[in-house]
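K.L.:
sequence? don't have it. structure:
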């Protein structure tokens, strides 16, 4: 991954310094493909030694969480929350309102921001109080993030109302099913598109999957509720919007434009478009998926009673 980023940064440097030449188009294409690929959204980790693995109960406990937006969707300041927990706030005191914080602006990766946005969130306790008969306390500091995200895929499809009427040699393109690998720069991905033609109608069966390390939450659920009150039936739901530039939508299923993904994090959308009686051509099928995404990271802490 590090080598790939260095390569992309090198390509951008060449584009900035060199005169425009025909071969530069290939370099721009390589950067664009990199930006729009991948299966990650927000990734997190605690800064080394913050919090420390071991501290005395008379020391300050400081935890600093690093956050990286490794997908290509921009996260607005009020569309991402972090909740800290895993420890007893009657023992590690003073965290209070800081236990839940906004992530801040986290732009997605782009041609001008290859690594995506970066930010930090911090909590601090200067008042650790172990119960009288406890000499050692071993909690985990857990950070859970919930944020709004979007996946956009635009695979090129063949539209051919005369699919069964002309020979392969006469066709301008071939109607076919295809896998969509590598992700689209988001933790929910379009993985397969089944294409079928029935006279002047094109039917698309679109498979989607949670390919990240977290959990999909319904876009109808508020982000603050996402961190403390998600109902069972609000998990694994994705809102979709499908467009075919030259076609008129006839129907889509599920009809409420909300996909319920199964236990394996997979779902299917089926849409039918009226494309008219026309010659064969190729066109993008735009697939937009909207959802909230929740994931956690944890680190252990050992709090020792001060001798004496």
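P.N.:
Ah, there it is. Please read these numbers as outputs of a predicted model, since none were measured by experiment.

K.L.:
helices or strands next to the longest strand along the chain in the packing?
P.N.:
Scanning the chain for the longest strand, with DSSP state E as the assignment, gives strand 281-300. In this structure, strand 281-300 makes packing contacts with strand 42-46, strand 140-153, strand 156-159, strand 188-198, strand 201-210, strand 215-217, helix 223-226, strand 237-244, judged by 3 or more Cβ pairs under 8 Å, 6 or more residues apart in numbering; DSSP states H and E. (Each C-beta comes from the backbone N, C-alpha and C, glycine too.)

K.L.:
starting at the chain centroid, how far to it?
P.N.:
Centre-to-centre, strand 281-300 and its host chain are 4 Å apart (Cα atoms, centre = their mean, to the nearest Å).

K.L.:
what do you get for stretch 298-308?
P.N.:
35 Å.

K.L.:
got a list of contacts for it?
P.N.:
Stretch 298-308 is contacted from outside by 46, 51-58, 61, 63, 86-87, 91-92, 128, 130, 134-143, using Cβ atoms under 8 Å, 6 or more residues apart in numbering.

K.L.:
Just the buried residues of those residues.
P.N.:
For those, a neighbour count by 16 or more other Cβ atoms under 10 Å gives the buried set as 46, 51, 55, 57, 61, 63, 86-87, 91-92, 128, 130, 137, 139, 141, 143.

K.L.:
and residue 31, helix, strand or coil?
P.N.:
helix (DSSP: H, G, I helix; E, B strand; the rest coil).

K.L.:
neighbours around it, how many?
P.N.:
Neighbour count for residue 31, taken as other Cβ atoms under 10 Å: 19.

K.L.:
same thing with residue 29?
P.N.:
Counted with other Cβ under 10 Å, residue 29 comes out at 11.

K.L.:
just for this structure, where's the confidence low?
P.N.:
1-27, 163-170 (pLDDT under 70).

K.L.:
what pairs with the closest residue to residue 137 other than its chain neighbours across the strands?
P.N.:
Nearest residue to residue 137, sequence neighbours excluded (Cβ to Cβ, 6 or more residues apart in numbering): residue 303, at 4.4 Å. Beta-bridge partners for residue 303, by DSSP bridges, are residue 55, residue 137.

K.L.:
Tell me the spacing between residue 303 and residue 55.
P.N.:
For residue 303, the distance to residue 55 equals 6 Å [Cβ to Cβ, to the nearest Å].

K.L.:
and stretch 175-182, which residues are buried?
P.N.:
175, 180.

K.L.:
mind checking how far that stretch is from the chain centre?
P.N.:
With Cα atoms, centre = their mean, you get 21 Å for stretch 175-182.

K.L.:
Run through who's touching it.
P.N.:
Contacts for stretch 175-182 (Cβ under 8 Å, 6+ apart): 37-38, 153, 155, 158-160, 163, 189-197.

K.L.:
can you rerun that using 10 Å?
P.N.:
With contact meaning Cβ atoms under 10 Å, 6 or more residues apart in numbering, stretch 175-182 is reached by 33-34, 36-39, 153, 155-160, 163-164, 189-197, 202, 204-208, 280, 287.

K.L.:
and those, which are buried?
P.N.:
Burial by neighbour count, judged by 16+ other Cβ under 10 Å, picks out 34, 36-39, 153, 155, 157-160, 163, 189-193, 195, 197, 202, 204, 206-208, 280, 287 from those.

K.L.:
quick one: contacts for residue 289?
P.N.:
So residue 289 contacts 149-153, 184, 186, 188-190, 206, 208, 216, 219, 238-242, 259, 267, 269 (Cβ under 10 Å, 6+ apart).

K.L.:
repeat that for 7 Å
P.N.:
150-151, 188, 208, 238, 240 (Cβ atoms under 7 Å, 6 or more residues apart in numbering).

K.L.:
Residue 171 - how many residues pack around it?
P.N.:
Counted with other Cβ under 10 Å, residue 171 comes out at 15.

K.L.:
try residue 231
P.N.:
Residue 231 has 9 nearby residues by other Cβ under 10 Å.

K.L.:
Distance check, it against residue 258.
P.N.:
Taking Cβ to Cβ as the measure, residue 231 falls 15 Å from residue 258.

K.L.:
All set now, cheers.
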